[in-house]
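Novice: model the following, please.
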Amino acid sequence: MRGGRRLFPLLLLALLPGLCHGREAAPGAVTCGSVLKLLNTRHSVRLHSHEVKYGSGSGQQSVTGVEASDDANSYWRIRGKSDSSCQRGTPVKCGQAIRLTHVNTGKNLHTHHFPSPLSNNQEVSAFGDDGEGDDLDFWIVQCSGTFWEREDAVRFKHVGTEVFLSITGEQYGHPIRGQREVHGMPAANHHNYWKAMEGVFIKPSLDPAKHDEL
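Specialist: Below you'll find the model as predicted:
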């Protein structure tokens, strides 16, 4: 994972060409095309993935929660169900369906009817290639206003199976010791609130070269 931290600046330059770096991020909405980390507010861990597959269930790439704030494998890019439905720099609306694409592996946040390995909730994985998976990659942003605001805690409800992206605290052993299980739960509760944290946020502007960085 240390190598992943060193590689991220190069990957980010490749993903976001022509962007100039700002020192401070202005408050506002999360926008399409932004790259960010998501913090589970109950357990204070960030949504994470890596090239480690589940040993049971689907056998797909695992998704976990990590405490470290500086791990490059915790960056996700905000995308729409299609590129045209979430144009770069457009604020994400409450109730909008999005995809979350893992930056370092190009796989999408995904869930399906497999049991999760520790809690027996619904398994959450990373699926697809180069950002293209299937219709089980879609999540609805649940928030209280018009747009997903960066300072607000939100929920992600899966379109296909209606579970909420959640963490309840179960920890893995080797080879990902200490990382938390991420899973889908059928009920909305305090385990499924997430907040936008570090990242590169595309400003809502006609000029795609404007952005903020945290």
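Novice: could you use CA atoms for every contact and neighbour count after this?
Specialist: Noted.
Novice: I'd like the distance between the nearest residue to Ser56 once chain neighbours are set aside and Val124.
Specialist: Leaving aside its chain neighbours, Ser56 sits nearest to Pro117 (6.9 Å; criterion: Cα to Cα, 6 or more residues apart in numbering). Using Cα to Cα, to the nearest Å, Pro117 is found at 10 Å from Val124.
Novice: show me where the protein has strands.
Specialist: 35-40, 45-53, 61-66, 76-80, 97-102, 108-115, 122-127, 139-142, 155-158, 164-171, 180-185, 194-202, 211-213 (DSSP state E).
Novice: can you lay out the ones you listed as CSV showing mean pLDDT and mean neighbour count?
Specialist: Formatted as CSV, those follow (pLDDT from 0 to 100; neighbours: other Cα atoms under 10 Å):
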stretch, mean pLDDT, mean neighbour count
strand 35-40, 98, 24
strand 45-53, 97, 21
strand 61-66, 98, 24
strand 76-80, 98, 23
strand 97-102, 98, 25
strand 108-115, 98, 22
strand 122-127, 98, 26
strand 139-142, 98, 22
strand 155-158, 99, 24
strand 164-171, 98, 22
strand 180-185, 99, 26
strand 194-202, 96, 21
strand 211-213, 53, 19
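Novice: adding distance to Gly28, write those out as a markdown table.
Specialist: Listed next are those as a markdown table, based on distance: least, Cα to Cα, whole Å:
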| stretch | distance to Gly28 |
| --- | --- |
| strand 35-40 | 14 |
| strand 45-53 | 21 |
| strand 61-66 | 25 |
| strand 76-80 | 15 |
| strand 97-102 | 18 |
| strand 108-115 | 24 |
| strand 122-127 | 28 |
| strand 139-142 | 16 |
| strand 155-158 | 18 |
| strand 164-171 | 23 |
| strand 180-185 | 27 |
| strand 194-202 | 10 |
| strand 211-213 | 10 |
